[in-house]
Structure formats: structure tokens, C-alpha cells
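> A structural model of the following input is requested.
(2 chains)
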Number of protein chains: 2
Amino acid sequence: MDAKFKFAQNLIRQATDYVRKRMTEDLQIEEKTRFDDLVTNIDKDTQDFMVERIQQAYPDDYILGEENDLYHDIRFGHVWVLDPIDGTVNFIAQRQDFAIMIAYYEEGIGKFGLIYDVTGDKLYSGGGHFEVTCNGRPLLPYQVRPLNRQLLGANGSMYANNYLGLADFSKELLGVRVLGSAGISMSRVLEGQFFGYCSSISPWDYAAASIMGKKLGYELLTMAGEPLDYKNRQAVMFIPQAEVARVKKIIHK
Amino acid sequence: MDAKFKFAQNLIRQATDYVRKRMTEDLQIEEKTRFDDLVTNIDKDTQDFMVERIQQAYPDDYILGEENDLYHDIRFGHVWVLDPIDGTVNFIAQRQDFAIMIAYYEEGIGKFGLIYDVTGDKLYSGGGHFEVTCNGRPLLPYQVRPLNRQLLGANGSMYANNYLGLADFSKELLGVRVLGSAGISMSRVLEGQFFGYCSSISPWDYAAASIMGKKLGYELLTMAGEPLDYKNRQAVMFIPQAEVARVKKIIHK
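Predicted coordinates for the structure are as follows:
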């Protein structure tokens, strides 16, 4: 597993260099399900870049990727979960605040996760048997603090629509931040900068953070408080395990 | 004016070093008007740090500061406008995404502005007779682009409450980002990363960005489309001048 973890760290650095080199290009932008669900040629090419290297190194492993219809059920076999550009809208409009993510599972058990905040130049990695670090600096487990001194990361429209009482819940906190990237938002949870994160996202958006979070005392649940299916897009919350009971009471009152 | 602009650039760098040195301290936090309107001892000390140096260099100038009841009307005399830490809540909860800001006025005319994104390590400066740059790289004037390929920066609760139709307006755009710092949000407008920014803010929050923005084709107005009073907290929009007529139609329908 050590070799695979090192391979993944190298791979995500190579993918980051690849994206950085191509960041100034004019993008080819396509709509997927709606006008704000976008994909670019660089999302697709970056995924291909990673897939090629994984298939070369580990020809028997499976891949679940956000782009190019690359589906495999996380529960079976050795599975790499790839999000070549998380926060594609930020990538298009800001060229900032987007991440590359990799997670690795064996028979449904998360072994490690990686999030690379490309413009912030921060690599979060670890989980499973590996210490969780940011650029080599170990991250600490969740420390209990008063809710009204903490921020919540959230999906903008869920917050604006007070979905499942999300906006009401946010009033218990110091405020809400909408960054537009699940990976970057969840890395702020891992850093203790956000109390938690709520959004409607898919396995490639949350796999890496959930593996690292487990190691640091965070739990990923549906907003109804149920385990995720690791298949479909779901409304999720990524919060401290120690606060799950309290949050459930507030969010579903 | 060249000497004053250089003085201001040195001053903001010194203030940044000062804040960075003290960032790991335990903070003394006080509530101002409500539970989420906070100030720390470092906000106050950083303002004192800047005030001392301005008074030494320019003893006849006036100062309008966010903290310590340091009020002077921007319209009269030579006035330095200081925000020692913009985004105090981010400073407290995240130790990230906060800015130091300086603006300089003579008889109500903005001569230059500066925004230092402390953890992003970016100095935005210029306006008046000075080119607007980020770390020395010149920024470009607003380029017309389709609204539905651009993001809006906004205050979280104004967005969640659909204040003056802000959430409706955001549906014309690609999405909303809530960063929690006026200075950093407005610097993203200056970079062309955000189409505009809407919030309820005070002169020290917007003075620097408005001076730089003027030079790049951006306008700062109340959300009713009126000029600001440069005195009280007001709901403002910072948007491209070329789009004011269009935005007014959408936002007040």
C-alpha cells in the first residue's frame, strides 16, 4: 500500500503540472446536465492523463472517473476514484479555487485520499493507514469549539433555498462560506477552518475527503443522517462525528 | 503623490508582516454590534501600528479607521482610510481569506488604494494616476463577457434573503461565491474573476477597491443605483460601468 500511496502522490503532482501548463489556453466548454454544470476539454484530458498512468502501473485495477463515462462500483475490487477538476465553474470563471482529487478503495474500504488545491498549492493526503497531512504538515483531529465561533461551507443554492433547514442551521454558526469547490471546502473542514460542509455531490467529489476525514474524526452522511450510497449525487453533510447527534436535531427540526 | 504611494506600499507590507507574526497567538475577541460582528486585539493593534507610522510621516493628514473610533469625513483634507483586518470572522475562524486595506483621498478625490490578501500573498495597488497592479502585474480593464459565464461575489445573508432580488439576479449568472471578505471579493472583481460584488459595507471596506476599480471600468453604487455617501454602512454593488444599466433593470424588477 505504501507504494500505491507514493504512486498516487506522484500522479497528482504530475496532473497538477499538466493542468498548470494548460491553464492559459482558451477552453472548450460544454454543458452537461444544465447551464451551470460544465465540463472543459481540460477536465477530460486531465482525467485521460491520470487514467493512462494508472492503467500502465496497475492494469488490473478499476477506475471510477467523473468524466468520459468511466464508471465502476466502489464496492468491488481495487478502485481508483478520480476527479480531474473539482470546481470546474471556478476553473472556467476564475482560474482559481479548483482541485484535483484521487481516492483509492479496496473492496469498498477507503485506503487513502488526495486533494490538490492547484492555485493554493496545497496537497492534502492520507487516511486509512496513513497520517493525514497538508504539504507534509500533520493535520489534527477535530477539537470541540463553540458553534458560534465556527463557519460552515455550503453549496450556494442549497443555502439560498434553505434546503432541509440549512440556512436556519447556519444561524447557529458564525456564517456561511460558498467557495464553489467541494474538495477545497472539505479540505477546510480537515484543517479545522470550517465546522462542516453541506452540498449535493457525487462520489468523486467526496471520496478523497471522506477517507481523510474518517481518520480525523469527521463523518460524511446524507443530510437526513444516513450513510451514503457511493453511487448517485446526494445531499450530504461532512461534519465532526462528535457533533452528529446535535446537528441532526437542529437540521431536521 | 509618488512618495505617498510608495510610503503606502511599504506601510501595508509592514502591517502584513506584523499580522503574520501575531497570527498564531490566542486572540482576544469582542463582539461589536452583534454576535457575528467581531473585533480582535490584533485588528486594533494593527490599526495602531499603521496610524503611528502615518502620523509620524504625515502629521497634518487625517485618518478614518475601522477600529478605535477614528473618524474623519473623507470629503475634507488629506485622508487615509484604514481597514487593519477586513474579514475579521475569517481571520478568527480560518486564519485565511482576510485583507489589510489602505485608501488615500484628497478633498474627497481618491488618489490610490491598496488591498493586501495576507494569506494569498497578493498586493493589489493603484488607481488615480497609478496603474492598477497585482504584485506588479498590470490588471486589465473590464472585458465584456456573457453573464452566464461569470460569477458574482456576495454577502451570504443578503444572498440567502434574496435582498433586493439579489438571488434572482444571481440566476442570470453562473453562480454566487461567498468569501467573507469585501477586500478579497472586490480584488476578484478587479482581476475579472467575479463579474461583480454585492454586500452591505462601510467606507473602509470599499474605499481602496473603488479607487482601483474606477481606473479599470468598475463602478461602486448603492444597490438602488445611487452614489454612496462614504459615511454609513450601505448595501452596495461593485460592477462594470458598462453593465450598470442592465444590472439596474434586473435587480429592481
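> show me what contacts the residue of the stretch 1-150 of chain A found nearest chain B?
Closest contact between the stretch 1-150 of chain A and chain B, by C-beta to the nearest C-beta, is at residue A:94 (4.0 Å). For glycine as for every other residue, the C-beta is placed from the backbone atoms N, C-alpha and C. Contact analysis of residue A:94 by C-beta atoms under 8 Å, 6 or more residues apart in numbering or on different chains lists B:151, B:188, B:193-194.
> the longest helix in chain A is where?
In chain A, ranked by residue count with DSSP state H as the criterion, the top helix is helix A:2-22.
> Quick check: mean pLDDT of it?
On average, the pLDDT along helix A:2-22 is 97.
> Show me what that helix packs onto, helices and strands only.
Under the contact criterion of 3 or more C-beta pairs under 8 Å, 6 or more residues apart in numbering or on different chains; DSSP states H and E, helix A:2-22 touches helix A:41-57, strand A:99-106, strand A:109-117, strand A:122-127.
> how about it: buried residues?
A:4-5, A:7-9, A:11-12, A:15-16, A:18-19 (16 or more other C-beta atoms under 10 Å in any protein chain shown).
> now swap in stretch A:141-159 and tell me
Within stretch A:141-159, judged by 16+ other C-beta under 10 Å, the buried ones are A:142, A:147, A:149-159.
> Let's see which of those end up in helices.
Among the buried residues of stretch A:141-159, the residues falling in helices (DSSP H) are A:156-159.
> tell me which of the residues you listed is nearest to chain B?
Comparing every one of those with chain B (C-beta to the nearest C-beta), the shortest separation belongs to residue A:156, at 4.7 Å.
> need the strands for the stretch 51-200 of chain A, in chain order.
Assigned by DSSP state E, counting those that start in this stretch, the stretch 51-200 of chain A shows strands spanning A:62-65, A:78-86, A:99-106, A:109-117, A:122-127, A:130-134, A:137-138, A:151-154, A:175-177, A:194-201.
> Which among those is found nearest to residue B:205?
Residue B:205 lies closest, by C-beta to C-beta, to one member of the strands of the stretch 51-200 of chain A: strand A:175-177, at 15.5 Å.
> And what about the residue lying closest to residue A:200 once chain neighbours are set aside, helix, strand or coil?
Setting aside the residues directly before and after it, residue A:200 is nearest to residue A:235 in space (C-beta to C-beta, 6 or more residues apart in numbering or on different chains), at 4.7 Å. Here residue A:235 is recorded as strand under DSSP: H, G, I helix; E, B strand; the rest coil.
> Let me know how buried residue A:235 is, in neighbour terms.
Using other C-beta atoms under 10 Å in any protein chain shown, residue A:235 has 16 neighbouring residues.
> Equivalent analysis for the one 5 residues further on, please.
Around residue A:240 there are 23 other residues, counting by other C-beta under 10 Å.
> Run through the residues that contact it.
A:142, A:144, A:195-196, A:217-219.
> Any of the residues you listed buried? List them.
Among the contacts of residue A:240, those buried by neighbour count (16+ other C-beta under 10 Å) are A:142, A:195-196, A:218-219.
> so which of these comes closest to residue B:184?
Using C-beta to C-beta, the buried ones among the contacts of residue A:240 come closest to residue B:184 at residue A:195, 20.7 Å.
> Show me chain A divided up by domain.
A:1-138, A:147-252 (the TED database).
> So which of those is the most surrounded?
The highest mean neighbour count among the domains of chain A, using mean count of other C-beta atoms under 10 Å in any protein chain shown, belongs to domain A:147-252: a mean of 21.
> correct me, but residue A:153 touches residue A:190?
No: assessed by C-beta atoms under 8 Å, residue A:153 is found out of contact with residue A:190, at 11.3 Å.
> how far out from the middle of the chain is the lowest-mean-pLDDT helix or strand in chain A?
One helix or strand of chain A scores below all others by mean pLDDT, DSSP states H and E: helix A:244-251, with a mean of 87. Distance of helix A:244-251 from its chain centroid, counting by C-alpha atoms, centre = their mean, to the nearest Å, is 22 Å.
> Sweet, I'm off.
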